[in-house]
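**Q** model this:
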Amino acid sequence: MQKRWTALALAALMLLTASCARHSPSESSSDSSQGKVWPVPEQSLNQEEPEPVKEPPKWEEGRTLEDLPDDYGGLELPVQGATGYAPVELALWAEPGDRDAAAQAVEDWEKAQEEKKRLEEEQKRLEEERKRLEEAQAAQQQAQAQQTPAEETPQPDASSGETAAGPEGDSSAQTQPDQSGQAPAEGETPPAETPAEPEQPAPQPETPAEPAAPPAETQTPPAPETPEEEEEEPPTLTDGALALLKPGTAFTVLEEQGEWWRIAVTADCFTDEEQTATHTQETTGWVEHRYCFINLPDVVPSIIYDATNSYSSHFVSCGKDIPEVTGEAFYPSRTYNQRLEKMEFMMPVLYSMAHRLCAAQQAALAEGNSLILYEGYRPHSVQTKVLSSLSALARQDPEVKEGVSGKPWSISWFISGGYSNHQRGYAVDVGLAKVLETKEYTTGGCRYVRVWNFERYEMPTPIHELSQAAATYTGPVTIHSTTAWKNAEMTQAMASNEPALGLQRYCTGADLTPLASEWWHFNDLTARSQVLDHQGIGDFLISSVRSAAPG
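**A** Predicted structure coming up:
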């Protein structure tokens with residue numbers, strides 16, 4: 001009996017083991033590949049499962065994408081209704097001509113100042129010349145006086161019979177009577193007379209001479225004091241403006257005319273409190289768009305946007321996390337965009353750069369690819385934070401130190417210590433993806449295309465790897481030259497990576513310039529040249545959009 005119960009227990013155990021083996025969802029089981037669906041615990045229904053690791057797509061030559069976006073003046077959507085930003089203190093004008101009048105006033109004043117300075121310098125030159133002539137004449141007169149001997153006083157000549165007795169010099173010719181009163185006869189020589197001693201005047205008591213009265217001085221009454229004239233304040237390029245917008249101000253672009261945008265902005269963005277009080281409601285006016293940022297998704301919606309620094313920074317060095325940087329969220333960058341009717345990142349760049357990025361995206365889309373924009377504008381506070389933390393890590397870790405400062409590089413090539421082009425609005429960090437699917441949308445009657453499904457290409461390194469491993473070229477290249485990179489030697493990692501070469505071809509074909517130390521970084525030096533007189537320093541965060549449908 002006991003044996004029978006033992007056999008039954010063994011049989012039951014074998015059946016249970018077989019059942020578990022058939023239903024275990026192990027990695028070695030082939031059931032999942034045959035389409036079986038296993039029960040999921042209720043508590044995990046709302047949890048996001050990690051994306052499966054996929055092999056990066058292979059680069060394919062000759063791919064095409066027929067459904068390309070429309071062209072709206074070099075953009076994929078009209079600028080009307082897009083969000084713009086003031087990266088610097090920006091003048092808002094009632095009419096564009098008011099700016100021209102202010103500029104003319106400044107030009108006239110500068111010309112007047114130059115003429116005044118020229119006249120003062122000419123007067124000074126003439127005065128110095130006059131002094132030199134006077135000194136030369138005085139020196140000449142002194143030299144002549146030293147060379148000419150003093151004139152001798154002529155003495156009377158005894159043989160001539162002349163004496164100095166008479167005032168006319170002829171007293172010797174007169175006959176003088178002798179002591180007897182008889183005049184000498186003719187032919188006789190009169191006896192020599194003994195001159196009588198002149199009578200001495202009686203001595204007079206000395207009376208002290210009164211001092212001569214000094215000549216009366218002509219006294220000129222003092223001139224009345226005239227108050228010093230206050231220097232006139234020179235005119236400025238913002239005289240007559242409606243208001244000055246604070247850096248970081250968001251506004252809606254209403255229309256574009258030449259180099260100008262007419263915009264709508266709220267008064268709390270003005271720098272002057274009086275102006276804020278005067279313009280209590282939304283104000284419209286004109287700004288020069290060459291100084292303005294544009295929210296790139298509003299005008300080039302087909303680009304894939306992924307502002308990693310806004311939610312989880314990817315900055316690393318030699319594959320190692322940078323303390324207080326890696327994984328950090330540095331600024332808000334995603335909000336609902338009414339124009340696109342979706343949550344989207346806020347990605348500002350200079351308006352003129354937007355046209356070149358659009359051209360690069362069009363070239364990529366034509367070959368079935370798309371740009372991925374990781375960062376455009378970067379606040380300066382983020383720049384300094386990354387530099388500080390990376391420098392500290394390099395002091396502690398020899399591998400990181402060699403990675404960022406080994407010859408011929410220095411740490412500034414991987415993170416700038418001053419104001420970088422990201423703060424100025426003419427630099428972007430971009431990657432590349434293979435487009436698998438697109439969808440068509442409309443806003444305000446305008447058609448546009450959005451990449452709906454894609455795969456990221458494998459590049460020489462992950463994005464934001466701050467070390468020599470990410471370098472495009474084997475050494476530094478002049479960053480302000482649009483052509484120097486053409487003669488630079490590529491690193492092996494770059495030269496052998498077809499997607500990275502494709503990304504560079506798309507961007508340089510749109511007149512963007514690569515950075516020698518980072519395969520993902522491209523500058524717009526043309527945009528830079530347009531704002532050199534008034535550049536931003538990245539002292540603000542982007543926190544809102546004012547986008548609306550065009551039309």
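**Q** Can you tell me, leaving aside adjacent residues, what's nearest to residue 372?
**A** Nearest residue to residue 372, sequence neighbours excluded (Cβ to Cβ, 6 or more residues apart in numbering): residue 431, at 4.1 Å. For every residue, glycine as well, the C-beta is placed using N, CA and C.
**Q** Local confidence estimate at the one you found?
**A** For residue 431, the model assigns a pLDDT of 98.
**Q** show me the contacts for it.
**A** By Cβ atoms under 8 Å, 6 or more residues apart in numbering, residue 431 lies in contact with 371, 372, 374, 456, 457, 459, 463, 503, 520.
**Q** Kindly report the same for residue 531.
**A** 290, 291, 350, 424, 425, 426.
**Q** Give the buried residues for the helix or strand hosting residue 526.
**A** Using DSSP states H and E, residue 526 sits in helix 525-530. Of the residues in helix 525-530, 526, 527, 528, 530 count as buried by neighbour count, 16 or more other Cβ atoms under 10 Å.
**Q** And the buried ones among the contacts of residue 531, selectable in ChimeraX?
**A** To isolate the buried members of the contacts of residue 531 in ChimeraX, using 16+ other Cβ under 10 Å:
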select :291,350,424,425,426
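**Q** closest to residue 264 among the contacts of residue 531?
**A** residue 291 (17.6 Å; Cβ to Cβ).
**Q** Identify the residues contacting stretch 407-418?
**A** Against stretch 407-418 from outside (Cβ under 8 Å, 6+ apart): 317, 383, 386-387, 390-391, 394, 404-405, 466-468, 470-471, 475-476, 516-518.
**Q** Quick check on those residues: which are buried?
**A** 317, 383, 386-387, 390-391, 394, 404-405, 466-468, 470-471, 476, 516-518.
**Q** what's the next secondary structure element after the longest strand along the chain?
**A** If you go by DSSP state E, the chain has its longest strand at strand 427-443. With elements assigned by DSSP H and E, the helix or strand that comes after strand 427-443 is strand 446-456.
**Q** what's that following strand in contact with?
**A** 54, 56-57, 67-70, 72, 76-78, 301-304, 365, 370, 372, 431-442, 550-551.
**Q** Give me the distance between residue 497 and residue 123.
**A** 69 Å (Cβ to Cβ, to the nearest Å).
**Q** Please say which of these two ends up with more neighbours.
**A** residue 497 (21 against 10; other Cβ atoms under 10 Å).
**Q** Lowest mean pLDDT among the helices and strands of this protein, which one is it?
**A** The helix or strand of the chain with the poorest confidence is helix 2-23; it has a mean of 47 (mean pLDDT, DSSP states H and E).
**Q** How about residues contacting stretch 95-112?
**A** With Cβ under 8 Å, 6+ apart, stretch 95-112 has contacts from 91, 93, 234-241, 257, 260, 286, 288.
**Q** List the buried residues of it.
**A** For stretch 95-112, burial by neighbour count (16+ other Cβ under 10 Å) applies to 96, 98, 99, 102, 105, 106.
**Q** can you state the direction angle for the longest strand of the chain and strand 446-456?
**A** If you take axes from the mean of the first three to the mean of the last three Cα atoms, to 10 degrees, strand 427-443 sits at 130 degrees to strand 446-456.
**Q** Give the buried residues for strand 427-443.
**A** 427, 428, 429, 430, 431, 432, 433, 434, 435, 438, 443.
**Q** was I right about the third one contacting residue 515?
**A** No: here residue 429 does not reach residue 515: they are 9.5 Å apart, not a contact under Cβ atoms under 8 Å.
**Q** Next, show the common contact partners of these two.
**A** Common contacts of residue 429 and residue 515 (Cβ under 8 Å, 6+ apart): residue 521.
**Q** What are the boundaries of the helices in the stretch 201-350 of the chain?
**A** 273-278, 296-299 (DSSP state H, counting those that start in this stretch).
**Q** Least confident of those helices, on average?
**A** helix 273-278 - the lowest mean pLDDT of the helices of the stretch 201-350 of the chain, at a mean of 58.
**Q** just to revisit the earlier point, name only those of the contacts of stretch 95-112 that count as buried.
**A** So, by 16+ other Cβ under 10 Å, the buried ones in the contacts of stretch 95-112 are 91, 93, 235, 238, 239, 240, 241, 260, 286, 288.
**Q** Residue 503: neighbour count?
**A** Neighbours of residue 503 (other Cβ under 10 Å): 25.
**Q** so of the contacts of stretch 407-418, which ones are in strands?
**A** Per DSSP E, those map to strands at 317, 518.
**Q** And the helices in the stretch 51-200 of the chain?
**A** Along the stretch 51-200 of the chain, counting by DSSP H, counting those that start in this stretch, helices occupy 96-147.
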